[in-house]
Each structure stands twice: as structure tokens, then as C-alpha cells.
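*Asks:* Quick one, fold the following:
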Amino acid sequence: MAYRTIRGTILYTSKKTERLDRERGREHFIWVRHSDGCRTLTAHCEIDDAPSTVRDVVYSVDANNRPLDVLVRLTVGERFMGAGFFRMGAGAIDCESYGPAIGRVSQRVDTGGHYDWFGTHPLAADGYNTCDFDRSAGPAKRRMRSFLTSLDHRGATPPMISGHQIWLEYVGDETITVKAGTFDTRHFQFVGEDTDPLAHPPYHLWVTADEDNIFVRGRVAGYMMTHYELVELER
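*Replies:* Sure, this is the predicted structure:
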């Protein structure tokens, strides 16, 4: 075959005292790498916490890891929340979205040049999006200019284009063991600014230290107190 496929499952659990280590969701993902270097992620994400959230995402990047297009469909509390298609072009992002609360919405947002991240909310995508962080000088932190399909921390709002900035820190390299096996990883942390009312709680994640940048483990502090772990991997 001219393409390469990676499949995996990530388990979501809670670290809150009253729910310690209880399962609260799961994510099944498939990465396909094509012969021209482009990659496509298909992710099915389920959050059991009320209101339950089911998210399906198809996300493609080019050979230089620049986003090409994204399809998102959401069900929240067992009801259809919205669906949107995003297309990244020269200097702009276009979106066609529909949801019961927003009707049909067409957006075009000028990016004004380079941006670092397009957030779609699957953990598999979070891990991969760290791939271009410059680690040549060792541990470091820098501001990431980002666009997302939702500013909600669970991504549980109708898909729309939203701009945001967040700090990403490269902490270092670690060898860790999870249910799916033992991996050499790169450890990163997303840190929101205290002055930002939309700031995400501190979010640590570990990705494989290779070109695949597979999400291996994650944890979120603050009010969320969640843990994420790769439990199955086939590549």
C-alpha cells in the first residue's frame, strides 16, 4: 500500500477525589499518512459526563503539517449540536456551519499570515499539533497563535472559527509506560494566562518522540482534574 495507517484508543478518566480513576470517556482515532506526505486524522470522541458529548472529526494536514480542511459533527446531551466544514486557504479560513441554535452560518476569517495551531479538540490532534515546536535549544515556552473550532474547553459548542492565543511549553524528554506499552516521549504543557477569562487549566501531554507524534498520556489540572491514557495502538 502507498499509505500508512495508525489506529489507537485513548481512555478518559477522572482524578477528582469522589470519582478517582473512574472512566469518563474514550477516543478512537485513525491516522492515515499518504505517499505525498499529507495526513488525515479521523477521531471519534465520547465524553460521558453530563451533558454527554459525542464528537466526530476528520482533520487533514499537508506534508508541511499545515491544516488543509476539517469536518466536525457534535451531539451534546443526546441532541444534535452542530456540524461544520473548515477549509484553510492562502491567508484565510472559511467555514460553513449549521446548528439548531445558530442556523446556517458562513464565515471567512483572515489569518493575517502564519499561525501555529488549528484546534479541533480530539487529543490525538492535540498531540500531533506539537510536532513543529522548536526543541533545538532544549526546554522552552512560547506563545502559540491559534484558531479553533470551539473555545469551550470540551469543544461542546456549534463549530465556528475562533481565534485564541496560548502558551506551549516543551518540558523535556521522558520514557513512560501506559497500558498500550512503553514509549520514548516528548513532554509538553499548555498554559493559559491568568488574565484570560477563557484560559484552559494547565494541560500536560506526552507524545511519541518520533515523526508520528502520537498522543500517549495527558492530564488537566484545575477544575477539570482529568487524565488521559493511550490504551491501544496499532501501527
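*Asks:* Name the residues that touch the strand or helix carrying Tyr59?
*Replies:* Assigned by DSSP states H and E, Tyr59 belongs to strand 53-61. Strand 53-61 has contacts (CB atoms under 8 Å, 6 or more residues apart in numbering) with 38-47, 67-76, 120-122, 125, 128, 154-156. (Each C-beta comes from the backbone N, C-alpha and C, glycine too.)
*Asks:* Need the contact partners of the following helix or strand past that strand.
*Replies:* Going down the chain from strand 53-61, the next helix or strand is strand 67-76, by DSSP H and E. By CB under 8 Å, 6+ apart, the residues outside strand 67-76 that reach it are 38, 51-62, 80-88, 99, 118, 120, 149, 155-159.
*Asks:* Which parts of the protein are helices?
*Replies:* Ranges of helices within the chain are 123-128, based on DSSP state H.
*Asks:* Could you tell me which strands sit next to the longest strand seen in the chain in the sheet, and their orientation?
*Replies:* Secondary structure of the chain per DSSP state E: the longest strand is strand 162-178. If you go by DSSP bridges, strand 162-178 pairs up with strand 140-148 (antiparallel), strand 181-191 (antiparallel).
*Asks:* By mean pLDDT, show me the worst of these.
*Replies:* Lowest mean pLDDT within the strands paired with strand 162-178: strand 140-148, at a mean of 92.
*Asks:* and that one with strand 67-76, angle?
*Replies:* Interaxial angle, strand 140-148 versus strand 67-76 (axes from the mean of the first three to the mean of the last three CA atoms, to 10 degrees): 70 degrees.
*Asks:* send the alpha carbons of strand 140-148 over as CSV?
*Replies:* Taking Å, rounded to 0.1, in the frame of the first residue of the first chain, the C-alpha atoms of strand 140-148 are listed here in CSV:
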residue,chain,number,x,y,z
ALA,A,140,11.4,26.4,26.4
LYS,A,141,8.0,28.1,26.3
ARG,A,142,6.4,30.2,23.5
ARG,A,143,3.1,31.8,22.7
MET,A,144,1.0,29.9,20.1
ARG,A,145,-1.2,31.8,17.7
SER,A,146,-4.2,29.6,17.3
PHE,A,147,-7.6,29.1,15.7
LEU,A,148,-10.1,26.6,17.0
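*Asks:* Any idea how far that strand is from the middle of the chain?
*Replies:* 13 Å (CA atoms, centre = their mean, to the nearest Å).
*Asks:* do stretch 130-146 as well
*Replies:* That offset, for stretch 130-146, works out to 16 Å (CA atoms, centre = their mean).
*Asks:* Can you read off the pLDDT for Gly112?
*Replies:* Gly112 is given a pLDDT of 87.
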